[in-house]
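Novice: Turn this into a structure:
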Amino acid sequence: MKVDLNRINFNAKQSKLGNLFLGFFEGLFLDGRVRLQEIEALIKWVEQYPEAVTVPHFEPLYQVLLKAVEDPQFLLANHQEVQAHLDLFKNSKYFKERTCDIQRLHGVLAGLACDSDYTDDEVLALNAWLDRHDYLKDDPIYEEIILVLNPVRILNRVSGDTKEVLRLTLAKYIQLNNFGLPQVRVSSSEDNKNPDFYHGNIEIIGKTICLTGASERYTKAGWKEAIELQKGIFTDSLTKTVDYLVICNKGNAHWAHMSYGRKFEQALKWQKEGANILILTEDDFIKVLVGK
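Specialist: From the prediction side, this is the model:
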C-alpha cells in the first residue's frame with residue numbers, strides 16, 4: 001500500500017494551523033476582554049496564513065471574526081460558540097496533546113502581545129496557563145517564559161519590570177508593533193545579539209553542518225555544494241554529532257509560531273544535555289563560507 005506523504009503533510013499542517021489559532025484565541029480571552037486591535041490582529045493572522053481558510057470548521061469561525069470587527073464584544077458574547085468551533089480542530093487523527101499544546105502556547109503568547117499591551121490580569125492568567133501545562137517544561141519557549149514570570153509566582157503580583165522583561169523576550173520572536181505576527185527573518189547583529197545563537201569563531205573544514213528553514217541565497221543542493229567546496233560536511237539530518245545548525249533567513253511559514261523550528265528546539269535541548277551543537281544565523285555562517 002502506497003503511503004500518500006503529501007496528504008499526510010497537508011493534514012499535519014492543517015492540524016498545526018488549527019492549534020495555533022486555538023492558542024491565539026486563548027491569548028485574546030486571557031483577561032476576559034476583547035479589543036478592536038486584537039480582532040484586527042486575528043484577521044491579519046488569517047491574511048498571513050491564507051491556507052487557514054481550508055482548515056475544517058474555519059469558515060464559520062471566520063464569519064464570526066468579521067462580525068466582531070464592527071463590535072469586538074460580539075466575540076466575547078459568543079465565546080462559547082467560538083470555543084466549540086476551535087475544539088473541533090482536536091478531532092484530527094493527527095492531534096497529539098503535547099505537540100498541540102506547544103503550538104497553542106505559541107498562539108497564546110501572540111494573542112497576549114498582539115495589541116502591544118499586557119494587563120496585570122493577562123500576565124497572571126498566562127502564569128496560570130503555564131502552571132496548568134507544566135509538562136511542557138522541556139520546550140525552550142516554555143522554559144524562557146516561565147523564568148521571566150518567576151517574580152510573579154514569588155510575589156503573587158505583576159511588576160512593571162516583569163512586564164518589560166516579558167516584552168523584550170517576546171520581541172525576539174514576534175513583531176510587537178505589527179499585530180504579533182512572527183519574526184520570520186533571522187538576524188543577530190553586533191548591537192543586538194540573540195543569546196540563542198553562537199557568535200564566536202566558525203571553522204568549516206571537517207565540520208558537520210545542518211541547515212533548517214528556507215534561504216533566498218541557495219537551494220539545498222547549492223548549500224551542499226558550497227559547504228563541500230570548503231571541505232565541510234553537509235547533512236540533512238540533525239544528530240548530536242552535528243557541529244553547526246544554521247538557521248536560514250527566510251524562515252518558514254509552517255514553523256511553530258515563535259520558534260525557529262523543531263530542529264532548533266532539539267538542538268537547544270541537546271545543548272543542555274551536553275552536546276556541542278552550535279546554532280548560527282545564516283548571515284553569520286555565510287560570512288565565513290564565502291568570505292563576505
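Novice: rest of the way, CA atoms for contacts and neighbours
Specialist: Noted.
Novice: and the nearest residue to H133 once chain neighbours are set aside, what pLDDT?
Specialist: Nearest residue to H133 in three dimensions, chain neighbours excluded: D101, at 8.0 Å (CA to CA, 6 or more residues apart in numbering). Note for D101: predicted pLDDT of 83.
Novice: Now D101: which helix or strand?
Specialist: Assigned by DSSP states H and E, D101 belongs to helix 97-113.
Novice: quick one: secondary structure of D138?
Specialist: Secondary structure, DSSP: H, G, I helix; E, B strand; the rest coil: D138 is coil.
Novice: My read is that it contacts W270, right?
Specialist: No: the pair D138 / W270 is not scored as a contact, 10.9 Å apart, by CA atoms under 8 Å.
Novice: hey, where'd the helices end up in the stretch 101-250 of the chain?
Specialist: Taking DSSP state H, counting those that start in this stretch, the helices of the stretch 101-250 of the chain run over residues 120-132, 140-148, 150-155, 160-171, 220-229.
Novice: Who are the packing partners of the fourth one?
Specialist: The criterion is 3 or more CA pairs under 8 Å, 6 or more residues apart in numbering; DSSP states H and E, and the helices and strands that helix 160-171 contacts are helix 140-148.
Novice: Give me the mean pLDDT for the helix it packs on.
Specialist: Mean predicted lDDT for helix 140-148 stands at 89.
Novice: what do you get for stretch 265-284?
Specialist: pLDDT averaged over stretch 265-284 gives 88.
Novice: Okay, now the unreliable bits of the stretch 151-292 of the chain?
Specialist: The model of the stretch 151-292 of the chain has pLDDT under 70 over residues 184-195, 250-260, 292.
Novice: where's the residue nearest to H133 relative to L65, distance?
Specialist: Relative to L65, D101 is positioned 23 Å away (CA to CA, to the nearest Å).
Novice: about what we covered before: the helix holding D101 vs helix 120-132, what angle?
Specialist: Direction vectors for helix 97-113 and helix 120-132, defined by axes from the mean of the first three to the mean of the last three CA atoms, to 10 degrees, enclose an angle of 170 degrees.
Novice: on contacts alone, who are the packing partners of helix 97-113?
Specialist: Counting by 3+ CA pairs under 8 Å, 6+ apart, helix 97-113 packs on helix 5-28.
Novice: just checking, next helix/strand downstream of the helix it packs on?
Specialist: Immediately after helix 5-28, counting by DSSP H and E, sits helix 36-48.
Novice: May I have stretch 32-48 exported as PDB, CA atoms only?
Specialist: Below are the C-alpha coordinates for stretch 32-48, written out as PDB (Å, rounded to 0.1, in the frame of the first residue of the first chain):
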ATOM      1  CA  GLY A  32     -11.900  38.400  29.800                       C
ATOM      2  CA  ARG A  33     -11.900  41.400  27.400                       C
ATOM      3  CA  VAL A  34     -11.600  41.700  23.700                       C
ATOM      4  CA  ARG A  35     -10.300  44.900  22.000                       C
ATOM      5  CA  LEU A  36     -10.700  46.000  18.400                       C
ATOM      6  CA  GLN A  37      -6.900  45.900  17.800                       C
ATOM      7  CA  GLU A  38      -7.000  42.200  18.900                       C
ATOM      8  CA  ILE A  39      -9.700  41.400  16.400                       C
ATOM      9  CA  GLU A  40      -7.700  43.200  13.700                       C
ATOM     10  CA  ALA A  41      -4.600  41.200  14.700                       C
ATOM     11  CA  LEU A  42      -6.500  38.000  14.300                       C
ATOM     12  CA  ILE A  43      -7.700  38.900  10.800                       C
ATOM     13  CA  LYS A  44      -4.100  39.900   9.900                       C
ATOM     14  CA  TRP A  45      -3.100  36.400  11.000                       C
ATOM     15  CA  VAL A  46      -5.600  34.900   8.700                       C
ATOM     16  CA  GLU A  47      -4.100  37.000   5.900                       C
ATOM     17  CA  GLN A  48      -0.600  35.800   6.900                       C
END
